[in-house]
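Enquirer: what's the 3D shape of this:
(chains A, B and C)
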Amino acid sequence: MITNRVPHPCLLIDPVAQKLSEPSRAFFRRETATVARDLIGAWIAQRRRGRWYGARIVETEAYLGPTDAAAHSWKGRRTARVEPMYLDGGHLYVFFVYGMHHCANVVTRRAGDAQAVLLRAAEGGEGCPRRLLTGPGRLCAALGITVADSGLDLLAGGNVRLFRRRGRRPRLSVSPRIGVDYAGEAAAWPLRFFDRDSPAVSGPSR
DNA sequence: CACATGATCGCCT
DNA sequence: GGCGATCATGTGG
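Expert: Next up is the predicted model:
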């Protein structure tokens, strides 16, 4: 059955009033770890029934494509599920795991490079329930992002977009990625970034 | 707090 | 047929 639930009211945002702006294509085409860092403090947003709902990203992970054993595109794997990873920077790649959770990624670099940034956690506004957006599965559930959104272009003026705001940047910490112990040496690469002052970060932090 | 486990199913081998 | 880029719950220290 089709669900069309509206996100929690604490996620209501007003991009104009909050002076949020959309990055250019060039922003997403930069080195993946750099994009992952710069996405901390950005908003992932979705328009439902004419209103914008969004959350401030506080935790990301970089996945470096065919040379990264933790990436779905490892060794150039190219299947229907992974295909959106091969799109140009600025597209969305969403996958379904463990039979119940969706995970959202922002594609980086150029078409064919198959690199992406996993959105692991975010925080909402006033009255946001603890852990509403803590963890990639919960983040997608809270915003209503599903595999149906995989492959869409964040820069196409559609209902799913990414916003940034000028100003102070969060203090960042770095660590290995979560849940990729199977990836050999790549499992230890320092590709997880998070806002060290945010209570919404998932997994080991602080 | 640190593990351990079950749920659940699409995807790939 | 096996296993996840996860999460909620339960146990024990």
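
Enquirer: tell me how far the residue nearest in space to the middle of chain A lies from residue A:18.
Expert: The geometric centre of chain A, computed from its C-alpha atoms, lies nearest to residue A:119 (C-alpha atoms, centre = their mean), at 2.6 Å. Per C-beta to C-beta, to the nearest Å, residue A:119 is found 19 Å from residue A:18. (Each C-beta comes from the backbone N, C-alpha and C, glycine too.)

Enquirer: also residue A:190?
Expert: With distances taken as C-beta to C-beta, residue A:190 is found 32 Å from residue A:18.

Enquirer: what parts of chain A come near DNA strand C?
Expert: Applying C-beta under 7 Å from any atom of the strand, we find that chain A lies next to DNA strand C at A:61, A:63, A:70-73, A:85, A:93, A:97-101, A:103, A:105, A:116, A:118, A:131, A:135-139, A:177-180, A:182, A:202.

Enquirer: next step: those residues restricted to strands.
Expert: Cross-referencing these against strands under DSSP state E gives A:61, A:63, A:93, A:97, A:101, A:103, A:105, A:116, A:118.

Enquirer: of those residues, buried ones?
Expert: The neighbour-count criterion (16 or more other C-beta atoms under 10 Å) marks A:61, A:63, A:93, A:103, A:105, A:116, A:118 among these as buried.

Enquirer: now the last one, which residues is it bridged with?
Expert: Bridge pairing for residue A:118 (DSSP bridges) gives the partners residue A:61, residue A:105.

Enquirer: what pLDDT is listed against it?
Expert: Here the pLDDT value assigned to residue A:118 is 98.

Enquirer: what does residue A:4 give?
Expert: At residue A:4, the model reports a pLDDT of 63.

Enquirer: cool, the one 10 residues further on as well?
Expert: Confidence at residue A:14, expressed as pLDDT, is 97.

Enquirer: residue contacts, it?
Expert: Neighbouring residues of residue A:14 by C-beta atoms under 8 Å, 6 or more residues apart in numbering: residue A:52.

Enquirer: any idea how far DNA strand B is from it?
Expert: For residue A:14, the distance to DNA strand B equals 35 Å [C-beta to the nearest atom of the strand, to the nearest Å].

Enquirer: quick one: that residue from DNA strand C, how far?
Expert: Taking C-beta to the nearest atom of the strand, one finds residue A:14 at 27 Å from DNA strand C.
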